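**Student:** With the input below, show me the fold.
(3 chains)
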Amino acid sequence: MWKFFHKLGSPPWFYSIAGAILRWLVPITLFLLIVGYAWGLLFTAPDFRQGNSYRIMYVHVPAAVVALAGYYVMALAGAICIIWNMKMAEIAMRATAPVGALLTLIALVTGGIWGKPTWGAWWVWDARTTSMLILLFLYIGVIVLYEAYEDKSGGSRAAGILALVGTVNIPIIYKSVDWWYSLHQPASITFTGGSAIESSMLYPLLLMITVFYSLFTCCVLANMRVSLIKRESRSSWVRTLVEED
Amino acid sequence: MRELGMLEYLQRIVRRQFILAFRVPSEFAIPISFFIMVLALFPLGFGPVVKNSGVIWIVALLASLLSSDRIFKQDYDDGTLDQLLMSPQSLFGSSLAYIFVHWSQTGLPLALISPLVAIMFDLPGSAILPLVVSLLIGTVVLSLIGAIGAALTVGLRKGGALVSLIILPLYVPVLIFGKASVEAAIQGSFFSPPLALLTALACGAVAFAPFAIGAGLRISMEI
Amino acid sequence: MYFESLYEVFFMGGHGTYVWSAYLFTSSVILIMVWLPMARLRRSIKRLASKFKVG
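**Tutor:** All right, here's what the predicted structure looks like:
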């Protein structure tokens, strides 16, 4: 078991394993994405109250969920980076940040587009939308911080601290939903009881959430491979790899 | 030289910081003048007096933001921070000492002058007490968060603007609860729930922020 | 299929612009997110290969 973690820290092993995973994961993910699109767009009934505009939910909710989860992944990588000073953790954190930021952007834009026909406004300042916006700022802050450092190791550790501080912030803001009169529906999917969404709408949503998680993983792994090649360009394993091609 | 106890060490740091602060008395004036001047801009920009307590809170936020990057800068430049990190005393206490002095220069005067501002903005009398208390407690949190940002960026050349970008999202809960307590008082309901939450934030910040600050200082000093 | 014709798929009961612009935006961002690292990887390898050959 520990041997596995040890191997994770080795750049050449990680590079080849990530490449092998990506080779089949990317096509499957893109295929399932199209399946999810078709299912959500064409093969589910229109919503009783919102009509057809609710179909945006099938991209908005997965993007928002994975954006939030991605922040925690990034913070976890940052924590590992700080505690154990592993270079792979540094690379992992830097790889997740832009992906998470882009997903947050998708969530924000699609949320705004969904809001216009539903509530009549492109943007409402309720707690959920605001905390999504804050999430974007937190991502940007982390990215800007580690870019400002010339020393990569110090920059990653500083960004890791910032990410950890941010993780405390997210639930606090999020919990203000109960507090700060929001227009959003209360959370309709809970994993404890039954859900408030009809099951015919739930399954394509769950598929899309899975697809987005998988997309996140693909992009992070791909980003990590690029970073590894760039950082380790002087080492022997990169040399042999490049000369093989 | 005998080794200093923690309390005596902190007292020395606080005294030193206060002496340095009083050497340039205008430093005290800057946050307050900024606060009042920017507040004066709002009625000018919005027309007749805006009866909104949120404005006061936002400007307090900005004042705290702008003064944040100066918390450690001076001591970084003259090498005192190096000494601080090399001393056997923990950084937890030292950070708190720095922040205490910084807060008494920025947050405390702001909170004390807020009744004046409340009158300027025509807020009802019931709002003054929650305004003062929420500012008192809230600015502590703002100073702590600002110190985190300052510690992470003190070694960087372009640190100043970066600090604002980093800590602004972290300021939001303080703004929400601070404003909520004043709003509650204006609307005649109890203002203690949001104030209690704000205090909880403050307790958490005091307990945990110094760890982040110490770690950030260590990283910054490596450059 | 809950839509009668292709026209309805595009129009979506008046909400067509919203739904399709949202999906289009999402798809383009996803494609960029997935394609960019792969392109950068190929470019890096190519650059390193030429550097190693010369050096």
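**Student:** who in chain B is up against chain A?
**Tutor:** B:148, B:152-153, B:156, B:158-159, B:162, B:165-166, B:168-170, B:172-173, B:176, B:180, B:201, B:204, B:208-209, B:212, B:215-216, B:219-220, B:222-223 (C-beta under 8 Å from any C-beta of the partner chain). (Glycine included, C-beta is placed from N, CA and C.)
**Student:** before we move on, what about chain C?
**Tutor:** C:1-3, C:9, C:12-16, C:18-19, C:21-23, C:25-26, C:29-30, C:32-34, C:37-38, C:40-41, C:44-45, C:48-49, C:52.
**Student:** re earlier: and the buried ones among the residues of chain B next to chain A, selectable in PyMOL?
**Tutor:** Command for PyMOL that selects the buried part of the residues of chain B next to chain A, burial taken from 16 or more other C-beta atoms under 10 Å in any protein chain shown:
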select buried, chain B and resi 148+152+153+156+159+162+165+166+168+169+170+172+173+176+180+201+209+212+215+216+219+220
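**Student:** Mark which of the residues of chain B next to chain A are part of strands, please.
**Tutor:** Per DSSP state E, strands hold no members of those.
**Student:** Could you tell me which of the residues of chain B next to chain A are located in helices?
**Tutor:** B:148, B:152-153, B:159, B:162, B:165-166, B:168-170, B:172-173, B:176, B:180, B:201, B:204, B:208-209, B:212, B:215-216, B:219-220, B:222 (DSSP state H).
**Student:** what about chain B, any weak spots by pLDDT?
**Tutor:** Chain B contains residues with pLDDT under 70 at B:1-3, B:47-53, B:223.
**Student:** ok and the residue in it nearest chain C?
**Tutor:** Using C-beta to the nearest C-beta, the closest approach of chain B to chain C is made by B:P169 at 21.8 Å.
**Student:** Was I right to think A:Y149 contacts A:L162?
**Tutor:** No - if you go by C-beta atoms under 8 Å, A:Y149 and A:L162 don't touch, sitting 11.5 Å apart.
**Student:** where's C:F25, which helix or strand?
**Tutor:** Taking DSSP states H and E as the definition, C:F25 sits inside helix C:16-54.
**Student:** Report the buried residues of that helix.
**Tutor:** So for helix C:16-54, counting by 16+ other C-beta under 10 Å, buried means C:16, C:18-20, C:22-23, C:25-26, C:29-30, C:33-34, C:36-38, C:40-41, C:44-45, C:48-49.
**Student:** what residue lies at the spatial centre of chain C?
**Tutor:** C:L31 (2.5 Å; C-alpha atoms, centre = their mean).
**Student:** okay, that residue: pLDDT?
**Tutor:** The confidence metric pLDDT takes the value 94 at C:L31.
**Student:** got the contact list for stretch A:227-237?
**Tutor:** By C-beta atoms under 8 Å, 6 or more residues apart in numbering or on different chains, the residues outside stretch A:227-237 that reach it are A:11-12, A:14-15, A:87, A:91, A:94-95, A:152, A:238, C:41, C:44-45, C:48.
**Student:** 6 Å instead, please
**Tutor:** With C-beta atoms under 6 Å, 6 or more residues apart in numbering or on different chains as the test, stretch A:227-237 has contacts from A:11-12, A:15, A:91, A:238, C:44, C:48.
**Student:** Same question for stretch A:152-160.
**Tutor:** A:78, A:81-82, A:90, A:93, A:142, A:145-146, A:149, B:152, B:219, B:222.
**Student:** Apply 8 Å and report the result again.
**Tutor:** Here stretch A:152-160 has contacts from A:75, A:77-79, A:81-82, A:85, A:87, A:89-90, A:93-94, A:97, A:142-143, A:145-149, A:231, B:152-153, B:215-216, B:219-220, B:222-223, using C-beta under 8 Å, 6+ apart.
**Student:** Could you check which residue of chain C lies nearest chain B?
**Tutor:** C:V29 (21.8 Å).
**Student:** Can you verify my assumption that that residue contacts A:A101?
**Tutor:** No - C:V29 lies out of contact with A:A101 (C-beta under 8 Å); the separation is 10.7 Å.
**Student:** need the helix or strand of chain C with the lowest average pLDDT.
**Tutor:** When each helix and strand of chain C is scored by mean pLDDT, DSSP states H and E, helix C:6-11 comes last, with a mean of 77.
**Student:** Run through chain C and note the low-pLDDT ranges.
**Tutor:** C:55.
**Student:** Recalculate using a threshold of 90.
**Tutor:** C:1-20, C:45-55 (pLDDT under 90).
**Student:** neighbouring contacts of the stretch of helix or strand B:L20 belongs to?
**Tutor:** Assessed by DSSP H and E, B:L20 sits inside helix B:6-23. Applying C-beta under 8 Å, 6+ apart, the contact partners of helix B:6-23 are B:4, B:27-28, B:74, B:87, B:89-90, B:93-94, B:96-98, B:100-101, B:104-105.
**Student:** Equivalent analysis for stretch C:26-42, please.
**Tutor:** A:26, A:30, A:33, A:59, A:63, A:99, A:102, A:105-106, A:110, A:215, A:218-219, A:222-223, A:225-226, A:229.
**Student:** out of these, which are buried?
**Tutor:** A:26, A:30, A:33, A:59, A:63, A:99, A:102, A:105-106, A:110, A:215, A:218-219, A:222-223, A:225-226, A:229.
**Student:** That'll do, ta.
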